[in-house]
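[1] What follows is a predicted structure for the sequence shown.
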2 protein chains.
Amino acid sequence: MSIGIIGSGNVGGTLGTRWAQAGHQVIFGSRNPGSEEIQQLIAGSGGSQGRPARAASLADAVRSSEVLLLATPWPATKDVLQGLGDLAGKVLIDATNPLLPDLSGLALGTTTSAAEQVAGWAPGAKVVKAFNTVGFNIMADTAFGVDRPVMFYCGDDAASKQTVKPLVEQLEFQAVDAGPLAQARLLEPFALLWISLALVHGQGREMAFKLLRR
Amino acid sequence: MSIGIIGSGNVGGTLGTRWAQAGHQVIFGSRNPGSEEIQQLIAGSGGSQGRPARAASLADAVRSSEVLLLATPWPATKDVLQGLGDLAGKVLIDATNPLLPDLSGLALGTTTSAAEQVAGWAPGAKVVKAFNTVGFNIMADTAFGVDRPVMFYCGDDAASKQTVKPLVEQLEFQAVDAGPLAQARLLEPFALLWISLALVHGQGREMAFKLLRR
């Protein structure tokens, strides 16, 4: 699958690298594809079974990809999306969180969500919320002994969710469909729970949730 | 410890029964302490090591208890609290969730929480948010094979949290301090995530979260 990374920071860089190592064609989209950061990502992305990622402008990454990962800082998200051109029919995985700058809360919530806002800014795109609920360190390595953390995804288009589910499972998460896109109203606070526990309330970043069933 | 149950429905009934079975003096507070439901709770509450619970008016339950569990339906919560009399110095465990009637969302969130609202309605009480994030079926039996689910608690008074923590651990939850009371802004959406997965999005009620660490 061809996957375009929109926002190649910690989250986008980690996921893009792991998907490239799993054999996908990954394109790190950037306003500055020649930058040292992007070149380092590409150098680190070729695994034993994988093919190296490549860098491209944001518009080229969109054009060349079947699936897009949105992993931008929230304040930049609107402008980035509106500069991407036509997104009609694209599967867009929204990994953003509408964090306030001091992590004291969310800029959106309860009656809407970043995901629904993103869908409004990306007309025609098939938005799936995912990869927003743990830190990139967990995305880089999901193993907790024999346990694997849960990764929720939600969206309004069933076929898009079937596209995203194996991308979650290939990274060895426990993939759970949380329902329609509006469930992001719960997944975004869930992300802030992880963030606040990890960074503020003493649990540290090597922590995640498993969904237990019986 | 003497524990007064304010709201003896599924959650209050389950927790009161289990604490009575663990040896605590449990008082099921009710507007109608002679009702069949309350008498059934009392009949079921005497475990092999425990002492039976008793029933009382809400005001008597408050007077006679060191710790109160608030487990009322959200629309009734304000009136119930304001009818309880002086709560100054009481440790009040808030297990409510501000659910909209159709479970489509929360009536409060992001910039406040039921817990903070409860604290405003219970002047002087030491409010600890807990027992709001899983169904009563999980509170009745926490075993998932060798795993145990997480139960977060949060509050602004450190001593009250130390009072509540063993009440969580005695029910064999993994007790995790989530920080100050305002963290209920995240724990309440976390509860709705459980509820919506269990009741609407196909996971069923025999499901909970474990906090993984490494």
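    Everything's here; your move.

[2] Summarise which helices and strands the helix ranked longest in chain A is packed against.
    With secondary structure taken from DSSP state H, chain A has its longest helix at helix A:184-199. In terms of contacts (3 or more CB pairs under 8 Å, 6 or more residues apart in numbering or on different chains; DSSP states H and E), helix A:184-199 is packed against helix A:114-121, strand A:150-155, strand A:207-213, helix B:184-199. Glycine gets a C-beta too; all of them are placed from N, C-alpha and C.

[3] Kindly export that helix (C-alpha atoms) in PDB.
    The C-alpha coordinates for helix A:184-199 follow below in PDB (Å, rounded to 0.1, in the frame of the first residue of the first chain):
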ATOM      1  CA  ALA A 184     -13.300  10.600  18.500                       C
ATOM      2  CA  ARG A 185     -15.000  12.800  21.100                       C
ATOM      3  CA  LEU A 186     -14.000  10.000  23.500                       C
ATOM      4  CA  LEU A 187     -10.800   8.900  21.900                       C
ATOM      5  CA  GLU A 188      -9.300  12.400  22.100                       C
ATOM      6  CA  PRO A 189      -9.900  12.700  25.900                       C
ATOM      7  CA  PHE A 190      -8.600   9.100  26.200                       C
ATOM      8  CA  ALA A 191      -5.400  10.300  24.500                       C
ATOM      9  CA  LEU A 192      -5.100  13.200  27.000                       C
ATOM     10  CA  LEU A 193      -5.500  10.700  29.800                       C
ATOM     11  CA  TRP A 194      -2.500   8.800  28.500                       C
ATOM     12  CA  ILE A 195      -0.500  12.100  28.000                       C
ATOM     13  CA  SER A 196      -1.300  13.500  31.400                       C
ATOM     14  CA  LEU A 197      -0.500  10.200  33.200                       C
ATOM     15  CA  ALA A 198       2.700   9.800  31.200                       C
ATOM     16  CA  LEU A 199       4.000  13.400  31.400                       C
END
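
[4] Could you report the neighbour count for the closest residue to A:Leu81 other than its chain neighbours?
    What sits nearest to A:Leu81 in space, not counting adjacent residues and going by CB to CB, 6 or more residues apart in numbering or on different chains, is A:Trp121, at 4.5 Å. A:Trp121 has 17 neighbours, counted by other CB atoms under 10 Å in any protein chain shown.

[5] wait, doesn't A:Trp121 sit right on A:Gly83?
    No: counting by CB atoms under 8 Å, A:Trp121 does not reach A:Gly83; the two are 10.6 Å apart.

[6] Pull out the buried residues from the longest helix of chain A.
    A:184-198 (16 or more other CB atoms under 10 Å in any protein chain shown).

[7] Can you pick out the most distant pair from those?
    Distance extremes for the buried residues of helix A:184-199: the farthest pair is A:Arg185 and A:Ala198 at 21.4 Å, using CB to CB.

[8] Now A:Ala76: which helix or strand?
    Element membership for A:Ala76 (DSSP states H and E) is helix A:74-82.

[9] circling back: turn the helices and strands packed on helix A:184-199 into a markdown table, including mean pLDDT and distance to B:Pro98.
    Below are those laid out as a markdown table (pLDDT from 0 to 100; distance: least, CB to CB, whole Å):
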| stretch | mean pLDDT | distance to B:Pro98 |
| --- | --- | --- |
| helix A:114-121 | 86 | 21 |
| strand A:150-155 | 94 | 22 |
| strand A:207-213 | 97 | 23 |
| helix B:184-199 | 90 | 6 |
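
[10] can you put the ones you listed in CSV and add distance to B:Ala158?
    Compiled in CSV, the helices and strands packed on helix A:184-199 are given as follows (distance: least, CB to CB, whole Å):
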stretch, distance to B:Ala158
helix A:114-121, 34
strand A:150-155, 31
strand A:207-213, 22
helix B:184-199, 16
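
[11] how about the residues of chain A that lie near chain B?
    A:105-106, A:108-111, A:143-145, A:147, A:149-150, A:176-179, A:183, A:185-187, A:189-190, A:192-193, A:196-197, A:200-203, A:206-214 (CB under 8 Å from any CB of the partner chain).

[12] Swap in 7 Å and give it another go.
    A:105-106, A:109-111, A:144, A:147, A:149, A:177-179, A:183, A:185-186, A:189-190, A:192-193, A:196-197, A:200-201, A:206-214 (CB under 7 Å from any CB of the partner chain).

[13] Which residue lies closest in space to the spatially most central residue of chain A, excluding its sequence neighbours?
    Residue closest to the average C-alpha location in chain A (CA atoms, centre = their mean): A:Ala95, at 3.4 Å. Ranked by CB to CB, 6+ apart and with sequence neighbours excluded, the top spatial neighbour of A:Ala95 is A:Phe131, at 3.8 Å.

[14] That neighbour: neighbour count?
    28.

[15] ok, back up a step: select, out of the helices and strands packed on helix A:184-199, the one closest to A:Ala53.
    strand A:150-155 (21.4 Å).

[16] which other helices and strands contact the closest one?
    strand A:126-129, helix A:158-170, strand A:174-177, helix A:184-199, strand A:207-213 (3 or more CB pairs under 7 Å, 6 or more residues apart in numbering or on different chains; DSSP states H and E).
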